[in-house]
Each structure stands twice: as structure tokens, then as C-alpha cells.
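K.L.:
Build me a model from this:
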Amino acid sequence: MHVAEGNFDHPQVIELLEAHVSRARAETGRGSAHALDASGLKTPDIRFWTIWEEDRLLGLGALKALTRRHGEIKSMHTAGCARQRGVGSAMLAHISAEAARMGMTRRSLETGSWDYFLPARAFYRRHGFVECAPFGDYKSDPNSVFMMRFLNHSSVEIRPYTETDFEAVTAIWLASWQSTGIDAPVTLAELRERWLKDFAVGRMVYVAMAENDIAGFMVLRPGLLDQLFIAPTRQSEGFGKALLDFAKQQMPEGFELRTALHSRAPAFYEREGLERGEVGIHPRLGHEIVTYYWRT
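P.N.:
Residues are numbered from 1 along each chain as shown. Predicted coordinates for the structure are as follows:
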């Protein structure tokens, strides 16, 4: 198998692309199909490839540049006669390599929520993609599933907090609390008052950056990861892992943390190798919390 730049005039490319677009549009809700035909792929921000075995076309794939560091995978399709032969994996690896070469740190995609797209969703999950919020110009749509993979955790910029970050960081704090579904009686004003009182001075505070935007933050004290929150729209993109890895570097002797028991956080910390400890009650808010330990 070999990958080549797409040739929109080749009869096999025309035939396979038309089959992909017509089937994708037929298998999703009206107004929710986002498969691109040849005219939609012929734009300066899209690169299009084909994968061949000698002179037989096996599959298609494209990459759309959303920003300098964010690319969208488009038009991934394998010919029926070439399924289960690794064609999709080979094309995805090629697209990923090209995205990395172009300096992109994220790959995103949209696929359908209908049963027809189950194999596609399973394929992307096997390759490390996770579901995420709509990105780019997409809107929330029950007929769509949005997925993303962060290309390289080391490319996340983590820097010390500054006073100019105050509004963005505290807004992320509130939004993250609200996204857990825990009934916590906190307001933005209360969180900002607590921030100025407890965290702005005398703590080690770091923010994780994504294209000049703050995606999350972390507060450290000796032996304690005090706070770690990611903006709900940037969760499952690797920022939590990047901050946690940074905390491990800053406190190689080990640390502990406490998080809400009934939230997504415990599963994340357990995947990252932290040891689960005791369960208790939050002293101010009253919900259950669990302690985790990082021990070297």
C-alpha cells in the first residue's frame, strides 16, 4: 500500500468519493450530514490523499486546517473490498504524521451518531480519540458525535499564573463545578473572593494554554495538588494529563489530592496511576469526596 496526493480527476477516486458521500448523507439526519464532495474538498485549507495497492484504489482521507495547530479529519473512507486490511489505520497514521509536520497539536473529527457509524466510532476510539464538545463551526447536534485526540502532551504550554489570568481562571473554575452536576451552592463572585483570599498569594498556581487561551489551571501546595480544573469545552483533550504530569515533576516525592466522588475525576486519576484512598465529606459543600495519592 502507498499513499498519494489525491487526484480528483481519476475515475476510481471519483467513484469512491461519490459512493462515500451518498452513503454518509443517506445514513444521517436531514441537515446533519457533513461529508464533503469533490467541490467541498477543493479548498486551500484542505489536503486530500488516496491510498493504493498497485493501481487499485483502497481508500480516501483528508485534513482540514481549522487553525495553525488544530486540524479536522475529513472524508476517511475505505473501499468495501479492502475492509479489515489496515487501510484506515494506514491513512490515519499518514494524516497524523502530516498534521504533526504542519505543527498541529490537535486532530478533531465529526461522525454520525446513528448505528451505521458505530464501526467508525469504534475505530477512532481504538486509535485514542475521545468524544468532545463541538468544535470549529459545528453546533451541538444529536445526529453528530465529535471526537478529538491531542497529538502531543508535551506541546501544551504550562506557565505560572499571573494577575491578568484572574477572570479566565475563575470562570473556568465555576464552569467546571457546574459541569459535574453536583449541587454545589457556589457563585462566580464567591469563587473569585475565595481565589483572592486563598490562592492568589502563597500558592503555586499554573495555567495550561491552548493557542493563547487558558484551557485549565492547577494549584499546588507542598505535598498537595489543591485544585485541578479544565474548561468543560476543553476536557478530554489532554490538558488534565499534561497538568497532572507537571505536578508529578514538581513534587517527585509524592502528593495527595481530593476530588468529588461522583464526578469524572476519579476515573481519570485512576487511569493515571494514582492510588485511591478514603472517602469523606466536603467540609463546606457537603458532598462526598475521595482522596487520591501519588507515590513514587
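
K.L.:
Okay, buried residues for stretch 17-25 please.
P.N.:
17, 20, 21, 24 (16 or more other Cβ atoms under 10 Å). Just so you know, the C-beta spots here come from the backbone N, C-alpha and C atoms, and that holds for glycine as well.

K.L.:
now swap in stretch 252-260 and tell me
P.N.:
For stretch 252-260, the neighbour count (16+ other Cβ under 10 Å) marks 255, 256, 257, 258, 259, 260 as buried.

K.L.:
Just the element for the residue lying closest to the second one once chain neighbours are set aside, please.
P.N.:
Closest residue in space to residue 256, ignoring its immediate chain neighbours: residue 293 at 5.0 Å, by Cβ to Cβ, 6 or more residues apart in numbering. For residue 293, the element it lies in under DSSP states H and E is strand 288-294.

K.L.:
do the same with residue 217
P.N.:
Counting by DSSP H and E, residue 217 is part of strand 213-221.

K.L.:
quick one: average confidence on whichever helix or strand comes after that strand?
P.N.:
Downstream of strand 213-221, the next assigned helix or strand under DSSP H and E is strand 224-230. In this model, strand 224-230 carries a mean pLDDT of 93.

K.L.:
Next, the angle from strand 224-230 to strand 288-294.
P.N.:
110 degrees (axes from the mean of the first three to the mean of the last three Cα atoms, to 10 degrees).

K.L.:
Pull the residues that contact the following helix or strand past strand 224-230.
P.N.:
Once strand 224-230 ends, the next helix or strand along the chain (criterion: DSSP H and E) is helix 239-250. Helix 239-250 is contacted from outside by 150, 153-154, 156, 158, 204, 206, 208, 210, 215-218, 220, 225, 228, 230, 255, 268-269, 272, 294, using Cβ atoms under 8 Å, 6 or more residues apart in numbering.

K.L.:
Next, the angle from helix 239-250 to strand 213-221.
P.N.:
Going by the same axes, to 10 degrees, helix 239-250 makes 40 degrees with strand 213-221.

K.L.:
re the thing from before, what's the closest of the buried residues of stretch 252-260 to residue 133?
P.N.:
Checking the buried residues of stretch 252-260 against residue 133 with Cβ to Cβ, the nearest one is residue 260 at 20.5 Å.

K.L.:
dump the residue contacts of the closest one.
P.N.:
180, 182, 282, 287, 288, 289, 290.

K.L.:
beta partners for the fifth one?
P.N.:
Here residue 288 shows beta-bridge partners residue 281, assigned using DSSP bridges.

K.L.:
can you map out the strands along the stretch 101-250 of the chain?
P.N.:
106-112, 130-131, 144-150, 157-160, 204-210, 213-221, 224-230 (DSSP state E, counting those that start in this stretch).

K.L.:
and the ones you listed, which one is worst for confidence?
P.N.:
It's strand 130-131: among these, that one has the lowest mean pLDDT, namely a mean of 78.

K.L.:
Show me what that strand is packed against.
P.N.:
Contacts defined by 3 or more Cβ pairs under 8 Å, 6 or more residues apart in numbering; DSSP states H and E place strand 130-131 against strand 144-150.

K.L.:
could you redo the last one with a cut-off of 10 Å?
P.N.:
In terms of contacts (3 or more Cβ pairs under 10 Å, 6 or more residues apart in numbering; DSSP states H and E), strand 130-131 is packed against helix 118-126, strand 144-150.

K.L.:
so which of these comes closest to residue 170?
P.N.:
Among those, if distance is taken as Cβ to Cβ, the winner is strand 144-150, at 24.6 Å.

K.L.:
what's in contact with the strand holding residue 293?
P.N.:
The set of residues external to strand 288-294 that reach it, using Cβ atoms under 10 Å, 6 or more residues apart in numbering, is 182, 223, 225, 244, 247-248, 251-263, 265-266, 268-270, 272-283.

K.L.:
Mind checking which of these are buried?
P.N.:
Counted by 16+ other Cβ under 10 Å, these give 182, 225, 244, 247-248, 251, 255-261, 263, 265-266, 268-269, 274 as buried.
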